[in-house]
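S.K.: just coords:
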């Protein structure tokens, strides 16, 4: 429902509007009436109007001053001024205070139709704004933003933050709850990647306090955008450092333990305190090589070097390469090189191959 506050120092003018307006047409309800600008201001906090229809010329505070103060206190409220013909040019200065239209008095049937149409359009805009507001609490938007952060997808963030939807949400009456919810999604992501809960809680409190202390809506918008892109950059850098550290440790650990027949990938992930699936994914991303294939290739490369040393038996080469089962080693070696270990050694002896 569109909540209307009527302001005029003439009682009969207010009663006339109440009786003549087509309330059902624009889904309107009378939020209250005031006989002065001062009284109207005192009612704002209690009647919560969406639209104020006010005469421009009243004793005490006039309609233009009322529009200015409403703009400062509750910028989402829309103003319609009723003005006499001689006051029209004077009234135009109120456009800077968010006055959406002027209706010239006297209120004829045509002027009344104009006012009803204007209020119907305002109702449609309000419904669209409410629908946009609900979008912020929709799981699809939350999913899009969290996925963008996870994948380092700047394009998706650009699309949202440059959209009319974001501007409409942040410039409307619900700027603070909308902004808080968008910031909450950031901390949902930080929680999802298992950052320290205490650190998250402290950062969240500081961020929300800073946001709420800001008075300018554009400043609030810029703050949210900066927070998202800062996190995106930080996470990207952390991921790279994380990947480099895990890969470097894995390579060193494999080099030191590949010759142990008890060594396997599960033992590697256990020693590194990470899941095998995560380790495998990170290793592949960093090296372009499958983790299991890397260990196998390293062992076979070492076995080829060992085969050039004739003091080692094939069984010893198998064991020193990390394979306790010599038959399995021979089968794998032939599959990878096309020769059995014995055939490979003979080729070395014949000068057809170098062992390293």
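M.R.: Everything's here; your move. None of these values were measured; they are calculated from a predicted model.
S.K.: C-alpha only now, for contacts and for neighbours.
M.R.: Will do.
S.K.: where does the prediction get shaky in this protein?
M.R.: 85-98, 100, 128-138, 172-173, 235-243, 352-356 (pLDDT under 70).
S.K.: can you confirm residue 31 is in a helix?
M.R.: No - assessed by DSSP: H, G, I helix; E, B strand; the rest coil, residue 31 does not belong to a helix; its assignment is strand.
S.K.: ok, it - how many residues close by?
M.R.: For residue 31, the neighbour count with other CA atoms under 10 Å is 19.
S.K.: if we go by neighbour counts, what in stretch 214-223 is buried?
M.R.: 217, 220, 221, 223 (16 or more other CA atoms under 10 Å).
S.K.: one more: stretch 295-312?
M.R.: Buried-residue list, stretch 295-312, by 16+ other CA under 10 Å: 295, 296, 298, 299, 300, 302, 303, 304, 306, 307, 308.
S.K.: I figured the fourth one hits residue 258, correct?
M.R.: By that I understand residue 299. Yes - with contact defined as CA atoms under 8 Å, residue 299 counts as touching residue 258 (6.6 Å).
S.K.: and for these two, which residues touch both?
M.R.: Shared contacts of residue 299 and residue 258, defined by CA atoms under 8 Å, 6 or more residues apart in numbering, comprise 321, 322.
S.K.: how close does residue 117 get to residue 153?
M.R.: Here residue 117 is placed at a distance of 44 Å from residue 153 (CA to CA, to the nearest Å).
S.K.: same check, this time on residue 174
M.R.: 27 Å.
S.K.: same check, this time on residue 302
M.R.: Taking CA to CA, one finds residue 302 at 42 Å from residue 153.
S.K.: which stretches in the stretch 51-200 of the chain count as helices?
M.R.: Taking DSSP state H, counting those that start in this stretch, the helices of the stretch 51-200 of the chain run over residues 63-73, 88-91, 109-135, 139-151, 154-161, 164-171, 175-192, 197-213.
S.K.: which one, of those, ends up nearest to residue 15?
M.R.: helix 109-135 (14.0 Å; CA to CA).
S.K.: what is the distance between the closest one and the centre of its chain?
M.R.: Centroid separation for helix 109-135 versus its chain: 30 Å, with CA atoms, centre = their mean, to the nearest Å.
S.K.: quick one: list the elements packing against it.
M.R.: Applying 3 or more CA pairs under 8 Å, 6 or more residues apart in numbering; DSSP states H and E, we find helix 109-135 packed against strand 99-104, helix 164-171.
S.K.: looking at the ones you listed, which is buried most?
M.R.: Of all those, strand 99-104 has the most neighbours on average by mean count of other CA atoms under 10 Å, namely a mean of 19.
S.K.: ok and that one relative to helix 109-135, angle-wise?
M.R.: 170 degrees (axes from the mean of the first three to the mean of the last three CA atoms, to 10 degrees).
S.K.: which residues are contacting strand 99-104?
M.R.: Outside strand 99-104, the residues touching it (CA under 8 Å, 6+ apart) are 67, 78, 79, 80, 81, 82, 83, 84, 85, 88, 111, 115.
S.K.: now, which of these sits nearest residue 252?
M.R.: Nearest to residue 252 out of the contacts of strand 99-104 is residue 78 (CA to CA; 67.6 Å).
S.K.: what about the residue nearest to the closest one when sequence neighbours are not counted, distance to residue 334?
M.R.: Spatial nearest neighbour of residue 78, excluding adjacent residues (CA to CA, 6 or more residues apart in numbering): residue 51 at 4.7 Å. Look at residue 51 and residue 334: by CA to CA, they are 84 Å apart.
S.K.: do residue 60 as well
M.R.: From residue 60 to residue 334 the distance is 101 Å (CA to CA).
S.K.: roughly how far does the residue most central in space within the chain sit from residue 156?
M.R.: For the chain, the residue nearest the mean C-alpha position is residue 145 (3.6 Å; CA atoms, centre = their mean). Distance, residue 145 to residue 156, by CA to CA: 8 Å.
S.K.: my guess is residue 220 contacts residue 211. True?
M.R.: Yes - using CA under 8 Å, residue 220 is in contact with residue 211, at 6.3 Å.
S.K.: among the buried residues of stretch 214-223, name the ones in helices.
M.R.: 217, 220, 221, 223 (DSSP state H).
S.K.: OK, contacts around the first one?
M.R.: If I follow you right, that is residue 217. 170, 171, 175.
S.K.: same question, the third one
M.R.: Going by CA under 8 Å, 6+ apart, residue 221 touches 167, 170, 179.
S.K.: swap in 7 Å and give it another go.
M.R.: residue 170 (CA atoms under 7 Å, 6 or more residues apart in numbering).
S.K.: next: residue 263.
M.R.: If you count contacts by CA under 7 Å, 6+ apart, residue 263 has them with residue 257.
S.K.: can you check the one 3 residues further on too?
M.R.: Applying CA under 7 Å, 6+ apart to residue 266 gives the contacts residue 276.
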